[in-house]
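>>> Just need the structure, nothing else, for what follows:
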Amino acid sequence: MSESTPRRVRVTSPRTSAARAQRVPAAREIDAQTRLGEVYMSSLVRSQLRLALLALTALTVFVGGIPLVFWLFPDLSDIEVLAVPLPWLLLAFAVYPFLLLVGWLYVRAAERNERAFTDVLDRS
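Residues are numbered from 1 along each chain as shown. Alright, predicted model coming up:
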């Protein structure tokens, strides 16, 4: 060690027995069913409910909209594709890919909500 570098000194608190504030993990708050745990869980349930209502609305508008379009425009009902009336074709085949798409998007978004929730729990 050279003469110009000061010697390191460890600084400690004289109150080594002082009580330290303990962080309570958020997961423990949920397990103990405290008010804070209720807030965490209600936020997850609220976000999942919002997502479910969005998916349900999309399905209602699309699937319910098909008969509505044919009721508003009756000339479309006369169109046939491969000897099958267009309304039947849409209700029989076009709905299922849409259902699969909405289901896939719903699962991805629900998992994203759950990951965000666990991230909040891990950070707190």
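>>> okay, CA-based contacts and neighbour counts for the rest of this
OK.
>>> which helices and strands sit right next to the longest helix seen in the chain?
Scanning the chain for the helix with the most residues, using DSSP state H, yields helix 35-72. Contacts defined by 3 or more CA pairs under 8 Å, 6 or more residues apart in numbering; DSSP states H and E place helix 35-72 against helix 26-31, helix 86-89, helix 95-123.
>>> what's the angle from that helix to helix 95-123?
Here helix 35-72 runs at an angle of 160 degrees relative to helix 95-123 (axes from the mean of the first three to the mean of the last three CA atoms, to 10 degrees).
>>> List the buried residues in helix 35-72.
37, 40, 44, 47-48, 51-52, 55, 59, 63, 66-67 (16 or more other CA atoms under 10 Å).
>>> can you check stretch 93-106 too?
In stretch 93-106, counting by 16+ other CA under 10 Å, buried: 95, 99, 102, 106.
>>> which residue packs closest to the second one, ignoring adjacent ones?
This means residue 99. residue 59 (7.4 Å; CA to CA, 6 or more residues apart in numbering).
>>> and what of the third one?
For residue 102, the nearest residue in space outside its immediate sequence neighbours is residue 55; the separation is 6.5 Å by CA to CA, 6+ apart.
>>> so where is this protein shaky, pLDDT-wise?
Low-confidence segments of the chain (pLDDT under 70): 1-3, 13-33, 124.
>>> was I right about residue 44 contacting residue 113?
Yes - between residue 44 and residue 113 there is a contact at 7.3 Å, judged by CA atoms under 8 Å.
>>> Compute the distance between residue 88 and residue 105, please.
26 Å (CA to CA, to the nearest Å).
>>> again, but for residue 59
12 Å.
>>> Residue 53 too?
Per CA to CA, residue 53 is found 13 Å from residue 105.
>>> now do residue 11
From residue 11 across to residue 105, the span is 56 Å (CA to CA).
>>> and residue 12, how many neighbours?
Residue 12 has 7 neighbours, counted by other CA atoms under 10 Å.
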